Structure formats: C-alpha cells, structure tokens
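**Student:** For reference, the sequence and a predicted model appear below.
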Amino acid sequence: MTTEVLESSRTVSTMSMRQLARIEARRSLRRASIWIGAILLFPIMSDTTADWPGGSYSEKLLGFMPIALGTFIAAFRTGRRDGSHDVAESAPLDADDRALARLASLALPLAITLVAIVGLAVASRIEGGFWMGDHPRRTDTALHPFSELLQPLLLVILCGVAGIAIGRTRRALSGGIIFGMLLFTFFPAYWIWNSPPVHVVAPLQIQPMGIDLADGTTIDETPESWYVEDTNDFGEPPRHQLVHQPTIIGHDIYLVGLIALAVGAAVRGIRGRRIALAGAGIALTGVVVQLLVSPV
Amino acid sequence: MSDIEFHGLTKRFGSNNALDDFSWSGGCGVVGLLGPNGAGKTTLLRMLATVLAPDNGSIGIYGLDPARSRDRLEIRRLLGYLPQETGLYSGFTTFDLVDYVAVLKEISDKTTRHEQVRHAVRSVGLENEMHRRIRTLSGGMKRRVALAAALVGQPRLLVLDEPAAGLDPDQRLRLRDVISRAGQQGTVVVSTHQTDEVAAFCQQVLVLDHGRLRFAGTPRELATMAEGRVWVDDHPHPDAIRTWVTGDGLVRSIGTPPPGVQLVEPNIDDGYLFATSDGGRQ
C-alpha cells in the first residue's frame, strides 16, 4: 500500500527523546560487530611490521577500519529494525524521531575510537614517532597531527550514520552484500582510494603523500628539508614523503559534510532535507579545498 | 460534537476506491467495524490512527483535525493503535518492546511507565512471558504483545484492526474483556470478521462494503435489518440472496421469502449478510 503518509509535528517531549536515545545507546552494547571491531583495533595498531618509509605511520590509521566497519553493521541493523512494518507508527514519537534517537547508539563505538585515538597520540609521542624517508634523510619521529587523528573519529561517525540511513531506507537489502562491499572498499581497495585524484573523496585519507620525483633524481639532489622514499623494489622513482595538513583539513571538512548528508538521509522529512543539503554543500567545499591545496 | 467525525472521506489506491464518500459520526464505547475483505476497513482505521491522509473529506477526533500537524500530535497522545500487520522487534523481550512503545508514547516517568507496561502485559495474559524474546513467542503471543503495546498508556481512543486474528478461544474471551473495559473509559474502534464478537461487546456497529457505509447502528438493529427476510426450509430457493445448510440439516436462506416458508428470527450474521448483499445495498 503506497500512499501519502502523515508525519507528526516536531514538538514531541524532549525528555522522551532523551530516554529513547538512552535505550538505543544501551542496546548498542549488545552489538557484537562493534566489539569485534574494537578487539581488532589494537592488534592492527600495535603491528610494526611495515618495512617501507611511512608504512608504520599510515597503517596506524588503517587500524580503525574494523571498528568503522563494525559500527556500520551495527548501525545498519539498528536502522532496519522496523522491518516491513513500523512499530507503533501512530505514536507521538514517529519514525524520524526514532532515527534521530538511534544516532545515540553510536556513543559506544565513538567512545572506543576516541580512547584509541588518545592512546595512539600519547603512545606515539612517548615512543618518539614513526619512520619517514630513507637514508640519509630519514626521521623516526613523525607524528600524526590533530587534524589527521580526527579522521578515524569522523569515519566511524560517518559509517554509523550511513548505516542507520541505509538501514532505514533499504530495509530489504541484504546486510551481507553491504558488508562485502564495504570490506572490499575499506581493506583490499583502500590504496585505490588514495591514488590521486580520488584521494580527495577517500573514506580514509592515508598520509604521508608520496610525490613522485622526476626520473633519474637522487636523494642528494632534493632539498635538505624533504623526507624521501628511495627507489623501491618495484623500480618506482624516488618519492617526496609529505604529511600535508591543509589537504587533511580539507578532507576532514569533506567527512563532516558527508556525516551531515547521512544524518539528513537518516532523519528525512523537511528537517532531514535541510541537513542533507547543508551536508552536501560542506562536503563539496571540502573536496574543492583539497583539490586547491593538495600537492598531488 | 461527537468524539469521532468522518465527512465525505474518499481514498483511492490506483483504480481501487478504498473509501467512497464515507461519512459517520459517533463514539464513546465500542464501535465494531464489519465488512468483507477489501471493504475499506483497514484504510478507515489507518486514517483514524492518523497515519494515512484521505484524498478528500475531513476527519475530526475529539474536535481535533489530524490534517493539522499540531492537532495530529495531540491526537497521537490520546491514541492506541493495533495495525493489521504489526511490526515487532524480534530481539526485544516482551517487556522491553512494550516499554519502548511507552517511551514513544511520551510516558516519561520511569516508575509510572514500568507499572503501566506491566499492567498492559498482564491484561493480555503475557505476564509469564514478560522477559522472553519476541522471536521465541508463538504467532498468537506476538499478536498479544502488539495489543499490549497498543493498550499501554490507557489511550482514550483505541483503534484495533482485527485484534482477534490468531488468538485461541480462551484469549478471544480475554480480549473481549480488555476491549469492553477500554470502551468504558473511552472509545474503541475495532474491525473484525467475527459477527459474534460485535454482538458480544460492541455498542455500535458499522458495515462497510466497497468503501461505502452500508449500515450504522446497534448490533440489534443490524440483526433486525433482515427481519422478515430469513427463512428455513428443506431445500434451497433460487431467488435467495444467500443460502446455507445449518447444523440441523435445514436450509437457511436470506432474501425475499417465497410464500409458505417458515420465517425465523434473524441474528447479526443474517443482518450483516443482508447489508452486504445486493438486496441490502438497495
């Protein structure tokens, strides 16, 4: 039966909204995928086997992929909870209010991610930092800037909100198909996303950026301040290793825009459309900023 | 002013006229809604439950207009609705689900809410299944969970779409009690295919057919609609509108009785069948 369905007005009890949000946050504790993501986070982050300059620096952020994926799966299942028929569809708190409250279910993965980010920031600073560049201009003290550490947090939020939005609008969609697509996007194919120019729209932008030098260039011919990855086993030319903060900030803006876009899609209605429109604008701004400032 | 007022309601789904210029007003007590499949009962109840808008016409519920956003929210605060096809969260327990719905109904005080949840669950006879997950319950039990969710908060207007579907005879009797009690405190509009239920606990009955109102009155008036048109004989009559063989082997017929047959006192089944027959429409 498809027809015009009435929405309720927007002046529902805020206390009831808070109670609903608390219920959703509490129920998220039962989502195994979040806990699996959290458990996988630590071994991946503590892995130090990357044997190329910048490898250990990059892979730290990849450690957040499992929890982002786990958050998506949990949120997708929460978003599609109503199945083909809404529960209590004529209650004062309608489907849009429930979607908004379900965003509170992201509190747990966000808290875990935040703890891991703080842990990474503190531990890497105590440890001294990561390896960047080859001899003779190698450093072992590269640290993730704040703008870069913000990325995994934004990614987890985005995955959660997108999961709720997709779960709500595509209830019949197979969770397995989505899981497979995301798994491919986030893991085997993450490096494709980070190849210019699509790195500006990557789910997680990996630094340092490698700027290929002209054929025949040697490390000695490059400026003193550069960290350079020497010609590697694949015969690729030397690369200037660069953590480019303006691009990261642009990417953060892009992720914030996508989050707003997903919130709008999750909440729907007039309010949702406004949020989504603003999100699309912010995301576009983030992409433009990156294209303007990115050195690659 | 009546509790519920429908004026010229029309609703089309494609080429199908679900409701066709439907008007009625009334309320207070239990109102039974009878009609064959596709008569428009569910469409009417969905409109009453403020989840569906009519194409034309207007609805008044306690003087409020569901077409207006603010009024709609006020109506929803007074409303309990059991749809024909219910959505339940299979991973929730009975208590958690009804509690969730109570929060959706803005019952914010936790102690009061939990007391009302327990009361609603007890009233449908599921007190022993309070902490069982819904996925482990039988179909009839799930239906009762949905009924408890509709009842929680003691709504002033209760809209029930075939609440007895899937219930065993014992639960049907319990349901009658629940609905009767709710009818004493407000208005209950209940759709059903069971004419005996309508006779048992409804103060008013509406008969719909092809989206049109065929009858509105008391169950007794519905029965008397077929007065002088029901007879028994030992063989079927070709001019009868409806004919069937009763348990004692006699042929009971509705229509224009032929001369010399034995007329019998009509019951609500006869009234309903006559109202939805060609003869009744005329």
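**Tutor:** Noted; the coordinates are in hand. Numbers count the residues shown, from 1 in each chain, chains lettered A, B, ... in the order given.

**Student:** Quick one: the helices in the stretch 51-200 of chain A, in order.
**Tutor:** Applying DSSP state H, counting those that start in this stretch to the stretch 51-200 of chain A gives helices spanning A:55-62, A:65-79, A:95-102, A:107-127, A:146-169, A:175-186, A:190-193.

**Student:** mind checking how far residue B:16 is from chain A?
**Tutor:** 10 Å (C-beta to the nearest C-beta, to the nearest Å). Where you see a C-beta, it was placed from the backbone N, CA and C, and this is true even at glycine.

**Student:** Quick check: phi and psi on that residue?
**Tutor:** Residue B:16 adopts backbone torsions of phi -90, psi 130, taken as degrees, to the nearest 10.

**Student:** Quick one: residues contacting the nearest residue to residue B:145 once chain neighbours are set aside.
**Tutor:** Leaving aside its sequence neighbours, residue B:145 sits nearest to residue B:94 (C-beta to C-beta, 6 or more residues apart in numbering or on different chains; 5.3 Å). By C-beta atoms under 8 Å, 6 or more residues apart in numbering or on different chains, the contact list for residue B:94 reads B:121, B:126, B:129-132, B:134, B:137, B:145, B:148.

**Student:** which one of those residues is nearest residue A:167?
**Tutor:** residue B:134 (18.8 Å; C-beta to C-beta).

**Student:** returning to that earlier point: of the contacts of residue B:94, buried ones?
**Tutor:** Among the contacts of residue B:94, those classed as buried by 16 or more other C-beta atoms under 10 Å in any protein chain shown are B:121, B:126, B:129, B:134, B:137, B:145, B:148.

**Student:** can the residues you listed go into CSV with extra columns for secondary structure and pLDDT?
**Tutor:** Converted to CSV, the buried ones among the contacts of residue B:94 look like this (DSSP: H, G, I helix; E, B strand; the rest coil; pLDDT from 0 to 100):
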residue, secondary structure, pLDDT
B:121, helix, 96
B:126, coil, 94
B:129, helix, 95
B:134, helix, 95
B:137, coil, 95
B:145, helix, 95
B:148, helix, 96
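
**Student:** If we only consider those residues, which is nearest to residue A:202?
**Tutor:** Top of the list for closeness to residue A:202, among these and by C-beta to C-beta, is residue B:134 at 41.2 Å.

**Student:** Make sure that closest one is actually in contact with residue B:93.
**Tutor:** Yes - Residue B:134 lies in contact with residue B:93 (C-beta atoms under 8 Å); the separation is 7.1 Å.

**Student:** list residues touching both of these two?
**Tutor:** With C-beta under 8 Å, 6+ apart, residue B:134 and residue B:93 have no common neighbours.

**Student:** Residue numbers of the stretch 51-200 of chain B in contact with chain A?
**Tutor:** B:51-53, B:66, B:69-70, B:72-73, B:76-77, B:79, B:81, B:83, B:85-89, B:97, B:100-101, B:103-108, B:110, B:149-150, B:159 (C-beta under 8 Å from any C-beta of the partner chain).

**Student:** Mind checking which of the residues you listed land in strands?
**Tutor:** Using DSSP state E, B:79, B:81, B:159 are the members of these that sit in strands.

**Student:** Number of residues surrounding the first one?
**Tutor:** Other residues within reach of residue B:79, judged by other C-beta atoms under 10 Å in any protein chain shown, total 26.

**Student:** doesn't residue B:154 make contact with it?
**Tutor:** No - under the criterion of C-beta under 8 Å, residue B:79 makes no contact with residue B:154, lying 11.4 Å away.

**Student:** Give me the below-cutoff pLDDT ranges for the chain.
**Tutor:** Since no chain was named, I'll use chain A. Along chain A, the parts satisfying pLDDT under 70 run over A:1-10, A:175-176, A:183-184, A:186-188.

**Student:** I was thinking of chain B, sorry if that wasn't clear
**Tutor:** B:278-282.

**Student:** what packs against the longest helix along it?
**Tutor:** Determined from DSSP state H, the single longest helix within chain B is helix B:169-185. Of the remaining helices and strands, those touching helix B:169-185 by 3 or more C-beta pairs under 8 Å, 6 or more residues apart in numbering or on different chains; DSSP states H and E are strand B:29-34, helix B:139-151, strand B:157-161, strand B:187-191, helix B:195-201.

**Student:** how about the residue in the stretch 151-296 of chain A that chain B sits nearest to, phi and psi?
**Tutor:** Using C-beta to the nearest C-beta, residue A:171 is the residue of the stretch 151-296 of chain A that sits closest to chain B, at 10.2 Å. Main-chain torsions, residue A:171, degrees, to the nearest 10: phi -70, psi -30.

**Student:** what's the distance between the one residue in the stretch 151-282 of chain B that gets nearest to chain A and residue A:136?
**Tutor:** Per C-beta to the nearest C-beta, residue B:159 is where the stretch 151-282 of chain B lies closest to chain A, at 7.8 Å. Taking C-beta to C-beta, to the nearest Å as the measure, residue B:159 falls 81 Å from residue A:136.

**Student:** quick one: which of those two has more around it?
**Tutor:** Between residue B:159 and residue A:136, residue B:159 has the larger neighbour count (other C-beta under 10 Å), namely 29 against 8.

**Student:** That one contacts residue B:47, correct?
**Tutor:** No - Residue B:159 sits out of contact with residue B:47 when judged by C-beta under 8 Å, with a separation of 9.7 Å.

**Student:** Neighbours of residue A:218, how many?
**Tutor:** Residues near residue A:218, counting by other C-beta under 10 Å, number 11.

**Student:** For it, give its distance to residue A:136.
**Tutor:** Note on residue A:218: its distance to residue A:136, by C-beta to C-beta, is 11 Å.

**Student:** Also residue B:24?
**Tutor:** Distance, residue B:24 to residue A:136, using C-beta to C-beta: 92 Å.

**Student:** Grab the nearest non-local neighbour of the residue of the stretch 101-250 of chain B found nearest chain A.
**Tutor:** Closest approach between the stretch 101-250 of chain B and chain A, counting by C-beta to the nearest C-beta: residue B:104, at 3.7 Å. Setting aside the residues directly before and after it, residue B:104 is nearest to residue A:91 in space (C-beta to C-beta, 6+ apart), at 3.7 Å.
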